[in-house]
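Chemist: the sequence isn't on hand, but the structure is:
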C-alpha cells in the first residue's frame, strides 16, 4: 500500500487518486511562485533512470527550461540546447 491506496498499481499510468494526491502535495511543497508567466507542475509514472524520463518529458512538452529540485530544495536548472527552426 502506498499513499493509503491499495495495490496493485499500474505501470503505464497514474491512477487518478494517486495523481490528485501527488499534485496536492507538490503544489503545497512548492508554494506560490512569484513573478509573471505560468508555472506548470506535472506528475508522470516512470521506471528506471530518472534523467531519461525528465529529458523525454521536457522534449515532449517542448520546454524551454526544466528546473529539478533534489532533497534540500536546491534547484538545478537544465537548459536544453537550442532547437533547430
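Modeler: Structure's in. What do you need? Since this is a predicted model, take the numbers as computed values, not measurements.
Chemist: chain center to stretch 42-62: distance?
Modeler: Relative to the centre of its chain, stretch 42-62 is centred 8 Å away, using Cα atoms, centre = their mean, to the nearest Å.
Chemist: quick one: stretch 58-72 to chain centroid distance?
Modeler: That offset, for stretch 58-72, works out to 7 Å (Cα atoms, centre = their mean).
Chemist: may I see the buried residues of that stretch?
Modeler: Neighbour counts over stretch 58-72 (16 or more other Cβ atoms under 10 Å) mark 58, 63, 66 as buried. For glycine as for every other residue, the C-beta is placed from the backbone atoms N, C-alpha and C.
Chemist: export those as a markdown table, with columns for secondary structure and pLDDT.
Modeler: Formatted as a markdown table, the buried residues of stretch 58-72 follow (DSSP: H, G, I helix; E, B strand; the rest coil; pLDDT from 0 to 100):
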| residue | secondary structure | pLDDT |
| --- | --- | --- |
| 58 | helix | 85 |
| 63 | coil | 83 |
| 66 | strand | 77 |
